[in-house]
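# Sequence and computational prediction follow.
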Amino acid sequence: MVDTSSTVSIRVLDREYQVHCPPDQQDALLAAARDLDQRMRDIRRAGNVIGLERIAVMAALNLAYELSQARQEALTGAAISTDLERLDGKLSQAILDLE
């Protein structure tokens with residue numbers, strides 16, 4: 001298998017990191033790095049958390065929480081969709097029975 005990754009340079013809190021990434025995912029990686037950088041700057045600016053490692057952990061916890069919420073919303077939406085499909089089937093059958 002051929003590795004087609006290239007190295008992308010990202011900056012987070014004024015530190016530069018080199019990350020291997022497939023060319024078709026580089027834009028997404030750069031956008032994610034900008035988002036992370038902004039979140040970490042916001043945490044640092046709030047002044048409640050000191051130290052790069054602690055700021056990174058707080059940003060990671062916030063992102064993990066948001067991901068968990070999004071997954072829960074997606075599951076809830078899927079469950080509602082399934083319930084609506086079941087109700088649609090019952091209504092369709094009831095209409096057929098009336099005809």
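That came through, no problem. These numbers come from a predicted model, not from an experiment. Numbers count the residues shown, from 1 in each chain.

# Identify the residues contacting the strand or helix carrying Gln26?
In this structure, Gln26 sits in helix 26-46 according to DSSP states H and E. Residues outside helix 26-46 that contact it (CB atoms under 8 Å, 6 or more residues apart in numbering): 6, 8, 10-13, 19, 21, 49, 55-56, 58-59, 62-63. In short, each C-beta sits where N, CA and C put it, glycine included.

# could you redo the last one with a cut-off of 10 Å?
Under the contact criterion CB atoms under 10 Å, 6 or more residues apart in numbering, helix 26-46 has outside partners 5-6, 8-15, 17, 19-22, 25, 49-52, 54-60, 62-63.

# Quick one: distance of that helix to the chain centre.
How far helix 26-46 lies from its chain's middle: 13 Å, per CA atoms, centre = their mean, to the nearest Å.

# One more: stretch 18-28?
The answer for stretch 18-28 is 17 Å, by CA atoms, centre = their mean.

# what does stretch 6-21 give?
The answer for stretch 6-21 is 19 Å, by CA atoms, centre = their mean.

# ok, now stretch 67-81?
13 Å.

# Identify the residue nearest Gln18 in space, chain neighbours excluded?
Thr7 (5.1 Å; CB to CB, 6 or more residues apart in numbering).

# no, scratch that, I was asking about Val19
Using CB to CB, 6+ apart and skipping residues adjacent in sequence, the residue nearest Val19 is Val8, 5.2 Å away.

# Mean confidence (pLDDT) on the lengthiest helix in the chain, please.
Secondary structure of the chain per DSSP state H: the longest helix is helix 52-98. In this model, helix 52-98 has an average pLDDT of 83.

# Show me what that helix is packed up against.
strand 6-12, helix 26-46 (3 or more CB pairs under 10 Å, 6 or more residues apart in numbering; DSSP states H and E).

# Repeat the analysis, applying 6 Å as the threshold.
Judged by 3 or more CB pairs under 6 Å, 6 or more residues apart in numbering; DSSP states H and E, helix 52-98 is in contact with helix 26-46.
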